[in-house]
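[1] Here is my input; please provide its structure:
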Amino acid sequence: MKTVTIYTDGACSGNPGPGGWGAILMYGAHRRELSGGEASTTNNRMELTAVIEALSLLKEPCIVELWSDSKYVIDGLEKGWARGWKARGWKKADRKPALNPDLWERLLDLCDVHTLRCHWVKGHAENAFNNRCDQLAVMESQRHK
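    All right, here's what the predicted structure looks like:
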């Protein structure tokens, strides 16, 4: 399987409010940037959307090195929270509804196709790829005001 590196970020001006997401996909010498946004959304929805949109571009099963500054995304995948929520009918352990089940469902489906290796990266710090994703996300959130 090919190994692809993906960086993602989401941004929201107000929560909820206008939001944007950005992603960078890298494979060998190839690099692709993508972004999008919505007029009324949340930061976590944009974080999830960035990952979903990036994974959706892959044409075959891949090993994916996923880098995100979102603990919500990384922990939801790595700690098995999202699969637990799904198994309980989109309820958290405290029986309260899990947020964003529509996006988590799509992301879990993509995780069944690809092998994800999740990495948390500190946001607004030294990582140039994370910083570029943040720029893309913020530009999109401003376009959707």
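
[2] how about the residue nearest the centre of the chain, secondary structure?
    Geometric centre of the chain, nearest residue: Val51, 3.1 Å, by CA atoms, centre = their mean. For Val51, the assignment made with DSSP: H, G, I helix; E, B strand; the rest coil gives helix.

[3] I'd say it and Gly10 touch.
    No: using CB atoms under 8 Å, Val51 is not in contact with Gly10, being 9.1 Å away. Heads up, the C-betas are built off the backbone N, CA and C, glycines and all.

[4] mind listing what Gly80 touches?
    If you count contacts by CB atoms under 8 Å, 6 or more residues apart in numbering, Gly80 has none.

[5] and the gap between it and Lys2?
    26 Å (CB to CB, to the nearest Å).

[6] for stretch 115-126, what is the average pLDDT?
    The predicted model gives stretch 115-126 an average pLDDT of 94.

[7] can I get the CA coordinates of that stretch in PDB?
    C-alpha atoms of stretch 115-126 as PDB (Å, rounded to 0.1, in the frame of the first residue of the first chain):
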ATOM      1  CA  THR A 115      -5.000   2.400   7.600                       C
ATOM      2  CA  LEU A 116      -4.700   5.600   9.700                       C
ATOM      3  CA  ARG A 117      -1.800   6.500  11.900                       C
ATOM      4  CA  CYS A 118      -2.800   9.500  13.900                       C
ATOM      5  CA  HIS A 119      -0.400  12.200  15.100                       C
ATOM      6  CA  TRP A 120      -1.300  15.200  17.200                       C
ATOM      7  CA  VAL A 121       0.700  18.400  16.300                       C
ATOM      8  CA  LYS A 122       0.700  21.500  18.400                       C
ATOM      9  CA  GLY A 123      -1.300  24.200  16.600                       C
ATOM     10  CA  HIS A 124       0.100  27.700  15.800                       C
ATOM     11  CA  ALA A 125       3.600  26.500  16.500                       C
ATOM     12  CA  GLU A 126       6.600  25.400  14.500                       C
END
